[in-house]
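**Student:** need the 3D shape of this:
(one chain, ligands or ions: 1)
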Amino acid sequence: MRRVLVLVVLVVLGADVYAAQDACPQVCSCRAGVVDCSARGLTTDKLPSSFPTDTIELRLHDNLLTSLPAGLLDPLPALERVSLHENHWTCDCAVLYLREWLLKQHSNALIRNVSCASPPNQQGRLVAYLDEEEVLSSCHSWLCDLAIASQISLFVFIVVQVLLLAAVIHFLRRFDRLTCDARRSVHNDEASEEAVLLKDRDS
Ligand SMILES: *[C@@H]1O[C@H](CO)[C@@H](O)[C@H](O)[C@H]1NC(C)=O
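**Tutor:** Here you go, the predicted structure:
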């Protein structure tokens, strides 16, 4: 009984996920494999995170897109046409996925339609033909900052650990010496007491 219940739940969940994947995004209109999200004032943040798996044509032109989220178009095996013109492509790190994707397309018209709107020194350049090194060098990513910050904190942490270890070793040595001294003096005391006792008995 329990097993059947689990199975039912799994099937329902699976169907839900499947339906979610294949549903038409709310901001777009879908008909016969054509997913039209053009002229919706879409920014990259407001862009649907997925499109129906059977999308053949995806219209994203005439929006406010600055980049495409990495991997957005990868799970669309039937995709044949994408329109991307009339957007605000920003040619920094975030444009690299779009560049890679464009380079894999065989449509010169499409490639010619996607150009940088900013930064000023890249304005008008075709996204597909941007120099990857140049784009990478222009990006000061927070990930980089985070990596440097974590390296520095790791270094500080190690230094503190080494200092603590040194202090512990120092105190252990000192303690050892003190106990040695104490033991020796106790031993000496006992010896002298014994000597006194012996002397008393003799006399
Ligand atoms: C390129 O842009 C023009 C409008 O500027 C549009 O009519 C055409 O369909 C676009 N072509 C592609 C392949 O996106």
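**Student:** which stretches of this structure have low pLDDT?
**Tutor:** When the per-residue scores of the chain are filtered using pLDDT under 70, the ranges that remain are 1-21, 140-143, 196-198, 201-203.
**Student:** quick check: residues of it near the ligand?
**Tutor:** Ser83, His85, Ser107, Ala109, Leu110, Asn113 (Cβ under 6 Å from any ligand atom). Where you see a C-beta, it was placed from the backbone N, CA and C, and this is true even at glycine.
**Student:** for the helix or strand where Ser192 lies, packing partners?
**Tutor:** Element membership for Ser192 (DSSP states H and E) is helix 142-202. Here helix 142-202 is seen to pack against no other helix or strand when contacts are counted using 3 or more Cβ pairs under 8 Å, 6 or more residues apart in numbering; DSSP states H and E.
**Student:** dump the residues of the chain next to the ligand into TSV; add secondary structure and neighbour count as well.
**Tutor:** Conversion of the residues of the chain next to the ligand to TSV gives the following (DSSP: H, G, I helix; E, B strand; the rest coil; neighbours: other Cβ atoms under 10 Å):
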residue	secondary structure	neighbour count
Ser83	strand	19
His85	coil	15
Ser107	coil	12
Ala109	helix	9
Leu110	helix	16
Asn113	coil	18
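**Student:** of all these, which comes closest to Leu64?
**Tutor:** Within the set of the residues of the chain next to the ligand, His85 lies nearest Leu64; the separation is 13.0 Å, counting by Cβ to Cβ.
**Student:** from Ala182, how far off is the nearest residue to His61 once chain neighbours are set aside?
**Tutor:** If the residues on either side of it in the chain are set aside, His61 comes closest to Ser83, at 4.1 Å by Cβ to Cβ, 6 or more residues apart in numbering. Separation of Ser83 from Ala182 (Cβ to Cβ, to the nearest Å) stands at 88 Å.
**Student:** my understanding was that Pro75 contacts Pro52; is that so?
**Tutor:** No - with contact defined as Cβ atoms under 8 Å, Pro75 does not reach Pro52; the gap is 10.3 Å.
**Student:** more crowded one of those two?
**Tutor:** More neighbours sit around Pro52 than around the other of Pro75 and Pro52, counting by other Cβ atoms under 10 Å; the figures are 19 against 12.
**Student:** what kind of secondary structure is the more buried one in?
**Tutor:** Using DSSP: H, G, I helix; E, B strand; the rest coil, the three-state assignment for Pro52 comes out as coil.
**Student:** right, and it touches Cys30 too?
**Tutor:** Yes - with contact taken as Cβ under 8 Å, Pro52 and Cys30 are classed as touching, separated by 6.4 Å.
**Student:** identify the contacts common to the two.
**Tutor:** Jointly contacting Pro52 and Cys30 under the rule Cβ atoms under 8 Å, 6 or more residues apart in numbering are Cys24.
**Student:** you'd agree Leu58 is up against Ser83?
**Tutor:** Yes - the pair formed by Leu58 and Ser83 meets the contact definition of Cβ under 8 Å, at 7.5 Å.
**Student:** which residues are in contact with stretch 62-71?
**Tutor:** Outside of stretch 62-71, the residues within contact range by Cβ under 8 Å, 6+ apart are 37-44, 47, 49, 84-90, 94-98, 101, 117.
**Student:** and those, which of them are in helices?
**Tutor:** Judged by DSSP state H, the subset of the contacts of stretch 62-71 located in helices is Leu96, Tyr97, Leu98, Trp101.
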